[in-house]
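A.B. asks: model this:
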Amino acid sequence: MCIKYCASMFDHSNPNCRVIRIIFQIYLYCMASNLSANTEIIYPRPESTADARTNYPLQLLELALKKSGTDYALNPSKFQMQQGRALRQLEKRQGVDVVWSMTSLEREKALLPIRIPIYRGLIGWRLLLINKKDAIKFQQIHTVEQLKQLRAGQGHDWPDTAILRENGFEVHDSSTYEGLFKMLQNDRFEYFPRSIVEIWAEAENHKAENIIVEPTIVIRYPTAFYFFVNKQNLSLAKDLEKGLKQTIEDGSFDKLFYEHHDDLLEKADLKNRKFFELKNPILPPETPLNQKELWFQN
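C.D. replies: Got it, this is the predicted structure:
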């Protein structure tokens, strides 16, 4: 492009002055072109068109990249991606540059996490989606051992599945996200644990199937939801960390977090629920649990 630009401007008359001016103009043109070119960042297109779970992390990602000081252009992948596929594609650096997901020992071996929990740990605070007809059954549960007598549903490759099974729960899994709601509706299992930040939109999307949020129980385990990048993509990891830290320092992280989650926390009515605490055997030791300012406190 610069060569074509040079050819169009070149004039053989008065060569000394004109050549110098042309070279300088070409330099400015090329510099402006480089500065205006944004680096494209591809994120996974959601599995379902009705899936509102993308809204908050995508807005936080946009905010962090903007605060990083580097020009990026965010675009969805060409096709919808289940979480497992998105993580595999990210590891291969094929068709996706960043994924947001729950951490685990296995995932941190394969990918590079930016260890700032984007949901402030609320991803490990689990309410239950149930069939409306089973509401009384769950109101009569007062211990975690009683809950273990019922069947849970989860994604087959989700870290939550391993956590629940390691804690002694019976878990029935599905290879697709939407398949889990059909399984719950058809009594393949009795409850579908979902985080506080996810469950209300999901219940609204599936209210026609008589799926509701159980009002008395919370399952809680320590975990974090991070942005992940390919292990070789150190520049993006550095910019994401820089941008996220800036959002924390200037208050824009908290502002966005509570804009999306204040109403959800109020709906959860945590002070009137029974808490069942679980261990997380797949939590990486590098998880910054000691940095209290990064985590939601009830």
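A.B. asks: how many residues are close by Leu122?
C.D. replies: Neighbour count of Leu122, defined by other C-beta atoms under 10 Å: 24. Where C-beta positions appear, they are placed from N, C-alpha and C, glycine not excepted.
A.B. asks: gap between Arg88 and Ser101?
C.D. replies: Distance of Arg88 to Ser101, given as C-beta to C-beta, to the nearest Å: 12 Å.
A.B. asks: swap that for Leu129, please
C.D. replies: 20 Å.
A.B. asks: ok so Asn290 is a strand residue?
C.D. replies: No: with DSSP: H, G, I helix; E, B strand; the rest coil as the criterion, Asn290 is coil rather than part of a strand.
A.B. asks: all numbers from here: first residue = 42
C.D. replies: Renumbered: residue one is now 42, and that last one reads Asn331.
A.B. asks: tell me the pLDDT of it.
C.D. replies: Per-residue pLDDT puts Asn331 at 96.
A.B. asks: kindly report the same for Gln338.
C.D. replies: At Gln338, the model reports a pLDDT of 88.
A.B. asks: excluding its backbone neighbours, what's nearest Ala309?
C.D. replies: Ile237 (5.1 Å; C-beta to C-beta, 6 or more residues apart in numbering).
A.B. asks: hmm, the one you found is touching Leu163, no?
C.D. replies: Yes: between Ile237 and Leu163 there is a contact at 5.2 Å, judged by C-beta atoms under 8 Å.
A.B. asks: give the residues shared as contacts by the two.
C.D. replies: Residues touching both Ile237 and Leu163 by C-beta atoms under 8 Å, 6 or more residues apart in numbering: His302.
A.B. asks: and Lys272, how far is that from Leu131?
C.D. replies: From Lys272 to Leu131 the distance is 10 Å (C-beta to C-beta).
A.B. asks: tell me the secondary structure for the residue nearest to the spatial centre of the chain?
C.D. replies: Centre of the chain computed as the mean C-alpha position; nearest residue by C-alpha atoms, centre = their mean is Trp141, 3.1 Å away. Following three-state DSSP, Trp141 is assigned to strand.
A.B. asks: grab the nearest non-local neighbour of it.
C.D. replies: Trp141 sits nearest to Pro98 (C-beta to C-beta, 6+ apart), 4.4 Å away.
A.B. asks: got a pLDDT number for the one you found?
C.D. replies: Looking at Pro98, its pLDDT is 95.
A.B. asks: got a list of what it touches?
C.D. replies: Counting by C-beta under 8 Å, 6+ apart, Pro98 makes contact with Trp141, Ile159, Phe266, Phe268.
A.B. asks: show me what contacts the residue lying closest to Ala114 once chain neighbours are set aside?
C.D. replies: Nearest residue to Ala114, sequence neighbours excluded (C-beta to C-beta, 6+ apart): Asn79, at 3.9 Å. Contacts for Asn79 (C-beta under 8 Å, 6+ apart) come out as Asp112, Tyr113, Ala114.
A.B. asks: next secondary structure after the host helix or strand of the last one?
C.D. replies: With the criterion set as DSSP states H and E, the secondary-structure element containing Ala114 is strand 113-121. Elements were assigned by DSSP H and E; along the chain past strand 113-121, the next helix or strand is helix 124-133.
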